[in-house]
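In: Show me the folded form of this:
(one chain, ligands or ions: 1)
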Amino acid sequence: MWRKSNKTFHLSLVFVCILLNNLIVSTGLFIQELETISVIIDSDGAPDDVYAILYLLKHPRVSVRALTLSCGVSYVEEGATNFVKLLSHLGYEDIPVAAGKETPLVTNHTFPTPWRQGSYNFYGFDLPHTENKVSDLNASELIVSIVNSSPENITIVALGPLTNVALAIQSDPSIIGKIELLDIMGGAVNVPGNVGIESDIPNYEAEWNFYIDPHAVNTILTSDIPILLIPLDATNKVPITEEFKENLGQVKLTPEADITHQFLIPGLYFWDILAAVALTNIEVVTIQDFHLEVVLDKENHEGETVLIEGEPINARVAIDADRSAFETKFLEIINSVETTTPVTTSNDPTTSPDTTPAPTNTSSMELVVVVPTLGLIVLHINNKKRSLK
Ligand SMILES: [Ca+2]
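Out: I've put the predicted structure just below:
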């Protein structure tokens with residue numbers, strides 16, 4: 001009798017396991033939720049970079065290993081200092097911040113000076129003083145160090161000109177094989193650029209990030225790094241509206257949501273944050289595979305993205321975006337309330353004797369899955385996170 005009951009129990013257990021396995025295979029849900037993406041964020045310190053960074057910091061599947069500052073909207077030293085303060089304020093002290101090269105590889109292109117000067121006071125966002133410092137390594141050195149010492153491949157999210165990433169792979173080409181993905185906000189493939197319409201520079205073909213350092217773009221496009229490109233073709237579909245900002249102001253529950261609300265500028269676009277959300281939820285964009293090149297020095301076309309037919313594919317390109325799906329996912333993450341535990345480890349090779357970057361912190365989240373035949377399944381997922389001050 002005992003044996004029969006035991007056998008029945010085991011058969012039931014096998015049945016449940018098969019059912020769960022089929023659910024996992026058919027939906028991919030659990031596997032997707034449990035994968036962690038190890039990320040270095042290379043940013044040019046602009047206001048829209050801020051909430052892209054906050055989204056990645058807050059996402060339960062993303063482990064941010066470092067933040068590096070590229071030449072771009074911010075001056076690199078000011079941008080790096082701003083981000084050290086921001087990370088300290090939010091409890092992410094263990095994530096190293098490094099300043100990059102102040103100028104592009106070859107050109108003397110810059111964003112308009114008044115835009116750059118906003119970095120002197122972090123665009124009006126006041127943050128408390130911190131004793132934490134910018135890393136002693138420069139940006140490309142930190143990228144190389146972290147990629148080489150990481151036990152798993154690293155994804156780089158590039159939210160500004162690609163100068164730092166290009167310098168990193170030029171200084172150590174062996175890291176190319178250890179870069180899982182380079183997720184780039186930049187370029188304009190089948191749409192006009194935004195340089196000429198936002199400045200007195202007569203270049204109407206290039207997007208700003210590609211315009212600033214076309215030689216860095218060329219270095220990346222001619223490497224073998226897997227590229228996900230989020231150009232203006234997709235970001236034009238996600239404008240920042242007064243309605244979105246007003247709605248966020250009414251529902252914000254977290255410091256990250258509050259800071260995002262302060263940095264949102266209606267009339268502009270969700271440029272960098274679309275690249276961040278597409279990294280975790282590719283369904284918010286429509287992808288086509290292309291061979292892309294970039295114009296280096298043709299007058300008034302520097303940085304123009306050129307699509308070449310018949311050549312090997314070198315980039316997965318977002319040509320459209322689902323605005324509603326994007327906004328929903330963005331709000332879901334930036335406004336999620338989680339339980340957290342304190343930070344205990346450091347990722348900065350200049351301050352930690354451990355050369356293997358560890359996940360930054362831990363927290364737990366609950367993934368609630370409704371299965372008609374089994375009721376609720378609640379998974380507790382350990383993840384890196386921070387303690388909010
Ligand atoms: Ca940016």
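In: What is the burial count for residue 336?
Out: For residue 336, the count of nearby residues is 15 (other CB atoms under 10 Å). For every residue, glycine as well, the C-beta is placed using N, CA and C.
In: nope, residue 258 is what I meant
Out: Counted with other CB under 10 Å, residues neighbouring residue 258 total 14.
In: Equivalent analysis for residue 250, please.
Out: Using other CB under 10 Å: residue 250 sits among 8 other residues.
In: Please, which helix or strand holds it?
Out: helix 242-251 (DSSP states H and E).
In: With only the CA atoms kept, save that helix in CSV.
Out: The C-alpha coordinates for helix 242-251 follow below in CSV (Å, rounded to 0.1, in the frame of the first residue of the first chain):
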residue,chain,number,x,y,z
GLU,A,242,3.4,66.0,-21.8
GLU,A,243,0.9,63.2,-21.1
PHE,A,244,3.6,60.6,-20.4
LYS,A,245,5.4,63.0,-18.0
GLU,A,246,2.2,64.0,-16.3
ASN,A,247,1.2,60.3,-15.8
LEU,A,248,4.6,59.4,-14.4
GLY,A,249,4.3,62.3,-12.0
GLN,A,250,1.1,60.9,-10.6
VAL,A,251,2.2,57.2,-10.3
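In: list the helices and strands that helix packs on?
Out: When contacts are defined as 3 or more CB pairs under 8 Å, 6 or more residues apart in numbering; DSSP states H and E, helix 242-251 packs onto helix 255-263, helix 323-334.
In: now do 7 Å
Out: Helix 242-251 is packed against helix 255-263, with contacts defined by 3 or more CB pairs under 7 Å, 6 or more residues apart in numbering; DSSP states H and E.
In: Just the buried positions in the helix it packs on, please.
Out: Going by neighbour count (16 or more other CB atoms under 10 Å), the buried part of helix 255-263 is 256-257, 259-263.
In: Report all helices and strands that that helix contacts.
Out: Using 3+ CB pairs under 7 Å, 6+ apart: helix 255-263 touches helix 47-58, helix 242-251, helix 323-334.
In: what's the following helix or strand after it?
Out: helix 271-280.
In: Would you tell me which residues of this structure are close to the ion?
Out: 44, 46, 49, 159-160, 272 (CB under 5 Å from the ion).
In: before we move on, back to that, pick the one among the buried residues of helix 255-263 closest to residue 287.
Out: Residue 287 lies nearest to residue 260 out of the buried residues of helix 255-263, by CB to CB, at 25.9 Å.
In: which of the residues of the chain next to the ion has the most neighbours?
Out: Using other CB under 10 Å as the neighbour test, these are led by residue 160, with 33 neighbours.
In: In contact with that one, which residues are there?
Out: Residue 160 sits next to 42-44, 70, 72, 209 when contact means CB atoms under 7 Å, 6 or more residues apart in numbering.
In: In strands, which of those appear?
Out: 42-43 (DSSP state E).
In: what would the contacts of residue 160 look like in JSON lines with pLDDT and distance to residue 86?
Out: Compiled in JSON lines, the contacts of residue 160 are given as follows (pLDDT from 0 to 100; distance: CB to CB, whole Å):
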{"residue": "42", "pLDDT": "98", "distance to residue 86": "16"}
{"residue": "43", "pLDDT": "98", "distance to residue 86": "11"}
{"residue": "44", "pLDDT": "97", "distance to residue 86": "15"}
{"residue": "70", "pLDDT": "98", "distance to residue 86": "17"}
{"residue": "72", "pLDDT": "96", "distance to residue 86": "17"}
{"residue": "209", "pLDDT": "98", "distance to residue 86": "21"}
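In: Which of the contacts of residue 160 sits closest to the ion?
Out: residue 44 (4.5 Å; CB to the ion).
In: can you give me the helices for this protein?
Out: 2-27, 29-34, 47-58, 76-90, 113-117, 139-149, 163-171, 208-212, 214-221, 232-235, 242-251, 255-263, 271-280, 323-334 (DSSP state H).
In: So which of those is the most surrounded?
Out: Highest mean neighbour count of the helices of the chain: helix 208-212, a mean of 30 (counted as mean count of other CB atoms under 10 Å).
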